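# Predicted model, plus sequence, below.
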Amino acid sequence: MDFTFTDDQQTLAEVARGLFERHATPERLTELEAGDVRYDAALWKDLASADLLGIALPESVGGSGGGFLELGLLLAEVGWSVAPVPVYATLLLGADAITRHGTTEQQVRYLTDVTTGDRLLTAALSEPGRSNPTVPVSIARRDGSGWRIDGVKDLVPAARIADTAVVSARTDDGPGLFLVDLHARGVEVRPAPVTGGEPHADIEFDGATAADRIEGDGAGMLTALHERALVGVCALQLGVAERALRIAAAYTTGREQFGRPIGSFQAVQQRMADAFIDVEAIRWTTWHAAWLLSEGRSADRAAHIAKFWAAEAGQRVVATAQQVHGGIGIDVSYPLFRYFLAAKHNELAFGSASAHLAALAHSYPSGEGDRP
């Protein structure tokens, strides 16, 4: 394993960071958050113009042919700036699944417009009262040459603004993935309020027509999508936690009490040192899992390990950042509050830290003669 990024990958991250820092300013975020949807359509078009929306898409649809590491780097930059763009939903949950499993015709039809910023995608996986998104209870039934979907999905990322969703549902021959137009008859998109103001929604499918089925091993595709979704959340959390720590470091260096910076106080130094270690734990477990996926290998355990650290350590980091700020840390006119909200959302997305510890326990070999 070598987690040193190539020059091209580092350039990608630098371009994304520069774009976000110019356009996802605290003032611009405040303006968007006062509106109906936390989404910057102009910034999304800027990402397309900078060729960032096609970084992990095939060249046949206008992409640059990159892989999961490139996508992870972009997601980390989204987290760094808490940028109001659906990179996670569109590029990972939607486009990545179609790239890996869809037919050439499906890729051209759905992904060409993604690279130009004209189509937003997502995936509807989570269901009310269900902790395991790889075993859906939503139903897909044959209807002539097509399919009809019935069921409810909750907290679907970017569903309020997406055009098409990859929807998991069970069929007579097991789970499958379907492509559904979110503006079609039989689809009701209900806005779901979330702490960070993201355009999530609950979706009810009532005999909704699926435009396409992604053919193949449905259970395997759904498991792979879940693994990649977990690691994508970890990449977002890495950016969030690292930026929160940087903001706290700058504050404790400049803020003085009793004639010296508060960062020189031993108690503050200890908290900041612990937060630094937590960020590094998120970093290394995230990139290990992302590397496995980029190599085409299973990241089942690695994804759960990374998500545990992203959840447990990520929340500790932003809590520390708030606490060393004192009262201003929870002031909504100060940028840090967005990182706390984003970290809390990422902590619970696809299961809390304890849920992933439980998953790891179930995956551990049993028996005296077994080895990990």
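It's in.
# Span of stretch 323-331 from start to end?
The first and last residues of stretch 323-331 sit 12 Å apart, counting by Cα to Cα, to the nearest Å.
# again, but for stretch 293-307
End-to-end distance of stretch 293-307 (Cα to Cα): 15 Å.
# which residues touch it?
By Cβ atoms under 8 Å, 6 or more residues apart in numbering, the list of residues contacting stretch 293-307 from outside reads 67-69, 223, 227-228, 230-231, 233-234, 282, 285-286, 288-290, 292, 350-351, 353, 356, 359-360, 363. Every residue, glycine included, has its C-beta placed from N, CA and C.
# Please repeat the previous calculation with a cut-off of 6 Å.
The contact list for stretch 293-307 (Cβ atoms under 6 Å, 6 or more residues apart in numbering) reads 67-69, 227, 230-231, 234, 285-286, 288-289, 292, 356, 359-360, 363.
# can you check stretch 113-130 too?
Defining contact as Cβ under 6 Å, 6+ apart, one finds that stretch 113-130 is touched by 44-45, 48, 53-54, 57, 62-63, 86, 89-90, 93-95, 133, 152-159, 161-168, 203.
# how near is Val166 to Tyr364?
Look at Val166 and Tyr364: by Cβ to Cβ, to the nearest Å, they are 31 Å apart.
# Can you pick out the residue with more neighbours from these two?
Each of Val166 and Tyr364 has its neighbours counted (other Cβ atoms under 10 Å); Val166 has more, 27 against 10.
# helix, strand or coil for that one?
Assigned by DSSP: H, G, I helix; E, B strand; the rest coil, the conformation of Val166 is strand.
# helix or strand for the residue positioned nearest the centre of the chain, which one?
By Cα atoms, centre = their mean, the chain has its centre lying nearest to Val233, at 3.8 Å. Using DSSP states H and E, Val233 falls within helix 218-254.
# Now do that helix: which elements does it pack against?
Judged by 3 or more Cβ pairs under 6 Å, 6 or more residues apart in numbering; DSSP states H and E, the packing partners of helix 218-254 are helix 68-80, strand 174-181, helix 266-294, helix 300-325, helix 336-348.
# Serialize these to TSV and add fields for distance to Arg246.
Formatted as TSV, these follow (distance: least, Cβ to Cβ, whole Å):
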stretch	distance to Arg246
helix 68-80	9
strand 174-181	39
helix 266-294	10
helix 300-325	9
helix 336-348	10
